[in-house]
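Novice: fold the following, please.
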Amino acid sequence: MPAWWMNDGYDAVLRIGTIADNRLVAKRLAKARRLLVAAPAYVEKHGRPACVADLEAHRGILYANRESDWRFAGAEGWMVARPRAALRVNNGLIMRDAVIEGLGISLLPSFYVSEALKRGALVEIDVGCAAEGTELFVVYPRDHRASAKVLALIDSLRASFGDPPYWEGEDSRDGAS
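Specialist: Predicted structure coming up:
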């Protein structure tokens, strides 16, 4: 994580995924599934992948600042797909919008795509196994104690998101996933 945010008056930041910097404290807010999604028009034009291996023939909207492998839990362990990059960006909302426009398939946290799935702008692609999940964190510098406002932010976000988080839908809240 760049140090710029610590010098620009930020007390904390929200991050998705693993935090590998030991100069930072990460407080988990929520877990999220990652879903493989595409626009209905993309699926109609390019077909629907049926298994993890099929993904490599498709165009992927990939996150620029991470390894572009997509990991799926299979019966024999982790399976990896490396789709062709149609677009690499460092913003999940832009990735989601590119998928809605039909530029390719992407593997995105459920909080980015749940509403688009509900309204039919995206469809979930089932390749027979679940994608590796992710987590949402509040992160702040280790050398700064968490201020009361950061602690209040953490409590407020956890309460707002719920457990399981609201973006996972009613089925997840009832214990089904």
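Novice: for the rest of this, base every contact and every neighbour count on C-alpha atoms.
Specialist: Fine.
Novice: what residue spans form the domains of this structure?
Specialist: Split into domains by automatic domain parsing, the chain comes to 4-32+134-173, 34-131.
Novice: just say which of the ones you listed is most tucked in.
Specialist: Most buried of these, by mean neighbour count (mean count of other CA atoms under 10 Å): domain 34-131, with a mean of 18.
Novice: spatially central residue in the protein, please.
Specialist: By CA atoms, centre = their mean, the chain has its centre lying nearest to residue 109, at 2.6 Å.
Novice: distance of it relative to residue 31?
Specialist: Using CA to CA, to the nearest Å, we find residue 109 at a distance of 9 Å from residue 31.
Novice: what is in contact with these two at once?
Specialist: Here residue 109 and residue 31 have 133-134 as joint contacts, going by CA atoms under 8 Å, 6 or more residues apart in numbering.
Novice: from the middle of its chain, how far away would the lengthiest helix in the chain be?
Specialist: Taking DSSP state H as the assignment, the helix of the chain that covers the most residues is helix 148-161. Offset of helix 148-161 from its chain centre (CA atoms, centre = their mean, to the nearest Å): 21 Å.
Novice: remind me what that helix packs against, helices and strands.
Specialist: Applying 3 or more CA pairs under 8 Å, 6 or more residues apart in numbering; DSSP states H and E, we find helix 148-161 packed against strand 24-32.
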